[in-house]
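Asker: Generate coordinates for the sequence data below:
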Amino acid sequence: MRRTLKITAVLVLTALATTFGMIACSENEAMAQEPQPEVPDGSDSPDEEETPGNSKVLVAYFSRANHVPDGTDAVSGATNKARNTQTVAMEIARLTGGDLFEIVPERDYPVSHSECSQIALQEYEADARPVLLTHVEDMSDYDIIYIGFPIWRYCEPMAIRTFLEEYDFNGKTIRPFCTSMAVGIEDAQANISRLCPTAHVGKGLRIPYTIPDGVGETLSEWINDNL
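Answerer: Reported below is the predicted structural model:
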């Protein structure tokens, strides 16, 4: 009788093991047949997404920094030699990792503030478009364009208008910044919006000629606010 019970128990255990094994094989086969998500080449996860940081940035600026002699200040010169539009542009390029580009007109404007202002007025009244010596190789590469300039006659220098009309800014983001003694950037920003109606023109930033220490923090806040 005991022998019969032992044989019966062995048969039951064997049957259970066989059944569980068949179930496990069936589940593994179903998993093997189920399509698996594809992971793009070079990606660690199928959920990887692009971030705003992938946008390519250009920092274009017009400045008299390379033309005004050392020691000339903001009052006697069109733009002071040190701590000017170029200084701000270089800091923005550093903060954003953007490419730096200088807008250089063919005309060499005089150093004298009064003489330069007179020419700026003449160009403004004539709605002139000064010829430029420098050109962006491929503007289509860039998504965000920072454009900097000193304020001349209460708005942007006319060379900026030449620059804006030379390229297609459709769908791009333009972020204007300026340096000035007192005049704000509002009129210049409105002009840029008018000249580039299919671009998104962000809120501009004015930096005084006497750029304060810690301007990097101001620029960082402005850059982040415009994202």
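
Asker: Where do the strands of this structure begin and end?
Answerer: 57-61, 99-102, 144-150, 173-180, 200-201, 205-208 (DSSP state E).

Asker: Which of the ones you listed has the lowest mean pLDDT?
Answerer: Ranked by mean pLDDT, the strands of the chain bottom out at strand 205-208, with a mean of 92.

Asker: coming back round to it: tell me which of the strands of the chain lies nearest to Val215.
Answerer: strand 205-208 (6.5 Å; CB to CB). (Glycine included, C-beta is placed from N, CA and C.)

Asker: Nearest to Val111, out of the strands of the chain?
Answerer: Across the strands of the chain, closest to Val111 is strand 144-150 (CB to CB), at 13.2 Å.

Asker: what's the span of stretch 191-201 from first residue to last?
Answerer: By CA to CA, to the nearest Å, the extent of stretch 191-201 from end to end equals 10 Å.

Asker: Now that stretch: buried residues?
Answerer: Residues Asn191, Ile192, Leu195, Cys196, Ala199, Val201 are the ones in stretch 191-201 that count as buried (16 or more other CB atoms under 10 Å).

Asker: Just checking, which helix or strand of the protein averages the lowest pLDDT?
Answerer: None of the helices or strands of the chain scores lower by mean pLDDT, DSSP states H and E than helix 2-33, at a mean of 40.

Asker: hmm, back to that, and the two most separated of the buried residues of stretch 191-201?
Answerer: So, those by CB to CB: farthest apart are Asn191 and Ala199, at 12.8 Å.

Asker: Give me the common contacts of the two.
Answerer: By CB atoms under 8 Å, 6 or more residues apart in numbering, Asn191 and Ala199 have no common neighbours.

Asker: from the buried residues of stretch 191-201, which is closest to Asp138?
Answerer: Ala199 (16.9 Å).

Asker: Identify the residues contacting the closest one.
Answerer: Phe169, Asn170, Gly171, Lys172, Thr173, Ile174.

Asker: repeat that for 10 Å
Answerer: Ile145, Leu164, Asp168, Phe169, Asn170, Gly171, Lys172, Thr173, Ile174, Ile192, Ser193 (CB atoms under 10 Å, 6 or more residues apart in numbering).

Asker: among those residues, which are in helices?
Answerer: Judged by DSSP state H, helices contain the following of the contacts of Ala199: Leu164, Ile192, Ser193.

Asker: State the distance from the residue lying closest to the first one once chain neighbours are set aside to Tyr109.
Answerer: Spatial nearest neighbour of Leu164, chain neighbours left out: Leu195 (4.7 Å); criterion: CB to CB, 6 or more residues apart in numbering. According to CB to CB, to the nearest Å, Leu195 and Tyr109 sit 21 Å apart.

Asker: And Leu100, by the same measure?
Answerer: 21 Å.

Asker: now do Ile192
Answerer: Relative to Tyr109, and taking CB to CB, Ile192 is found at 21 Å.

Asker: wait, what's in contact with Gly98?
Answerer: Ser55, Lys56, Val57, Leu58, Val59, Ala60, Ala89, Ile92, Tyr142, Ile144, Ile145, Tyr146.

Asker: Phe101 is in contact with His93, correct?
Answerer: Actually, residue 93 is Ala rather than His. Yes. At 9.1 Å, Ala93 counts as touching Phe101 under the criterion of CB atoms under 10 Å.
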